[in-house]
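[1] what's the 3D shape of this:
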Amino acid sequence: MTSLHGPVQVFAVIALVSLPTVMYGGYALLSLLHRGKLTDSQRTFFRAGHAHAGVLLVLALATLSFLGASGLGEPARWVACFLLLSGILAQSGGFFLHMVLDRPGKWTAGNTVTVAGAILLAAAMLLTAYGVAIA
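    The predicted structure is shown next:
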């Protein structure tokens, strides 16, 4: 693995430190499910938010590895890292927001935030792909 510098190193540390928080979220989910404190709809969106957070953080680690070896300059790497982090937070966070609003079958701000997260993540992936292509 190439040595990490600048934004890639900073965001790799953020992703690695964030993973235990997602692991704790799994424990919290089991605790809430056991107590029956969530509606079926809330349970669905809690699971979706939790699963997306974990999978996207692992995706971030793989993406950061590619980004570190890409031909992008440091300013573009900062942009890609911020797109990646904000996309992960928005996509998974949108599910939690929708869960809190608890309006089954209705479009909420949570749905909008989730879609915005997907767009940010797509931008991060495309920027990283460009950087890998020019390396």
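[2] List the residues that contact the residue nearest the centre of the chain.
    By Cα atoms, centre = their mean, the chain has its centre lying nearest to I88, at 2.0 Å. Neighbouring residues of I88 by Cβ atoms under 8 Å, 6 or more residues apart in numbering: 53, 56-57, 60, 117, 121. Quick note: C-beta positions are derived from backbone N, CA and C, even for glycine.
[3] What helix or strand is it located in?
    helix 74-101 (DSSP states H and E).
[4] and the next element down the chain from that helix?
    helix 109-134.
[5] Now do that next one against helix 74-101, angle only.
    Per axes from the mean of the first three to the mean of the last three Cα atoms, to 10 degrees, the angle that helix 109-134 makes with helix 74-101 is 160 degrees.
[6] Which residues belonging to helix 109-134 are considered buried?
    Of all the residues in helix 109-134, those buried under the rule 16 or more other Cβ atoms under 10 Å are 110-111, 113-114, 117, 120-121, 123-125, 127-128, 131.
[7] what's the following helix or strand after the helix or strand of the chain with the lowest mean pLDDT?
    In the chain, no helix or strand scores lower on mean pLDDT, DSSP states H and E than helix 6-35, which sits at a mean of 87. Where DSSP H and E defines the elements, the next helix or strand beyond helix 6-35 is helix 40-68.
[8] how about that following helix: buried residues?
    42-43, 45-54, 56-57, 59-60, 63-68.
[9] Show me what that helix is packed up against.
    Applying 3 or more Cβ pairs under 8 Å, 6 or more residues apart in numbering; DSSP states H and E, one finds that helix 40-68 makes contact with helix 6-35, helix 74-101, helix 109-134.
[10] Please convert the buried residues of helix 109-134 to CSV, extending it with pLDDT.
    Converted to CSV, those look like this (pLDDT from 0 to 100):
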residue, pLDDT
G110, 97
N111, 96
V113, 98
T114, 98
G117, 98
L120, 98
L121, 98
A123, 98
A124, 98
M125, 98
L127, 98
T128, 98
G131, 98
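[11] what's the neighbour count on A135?
    10 (other Cβ atoms under 10 Å).
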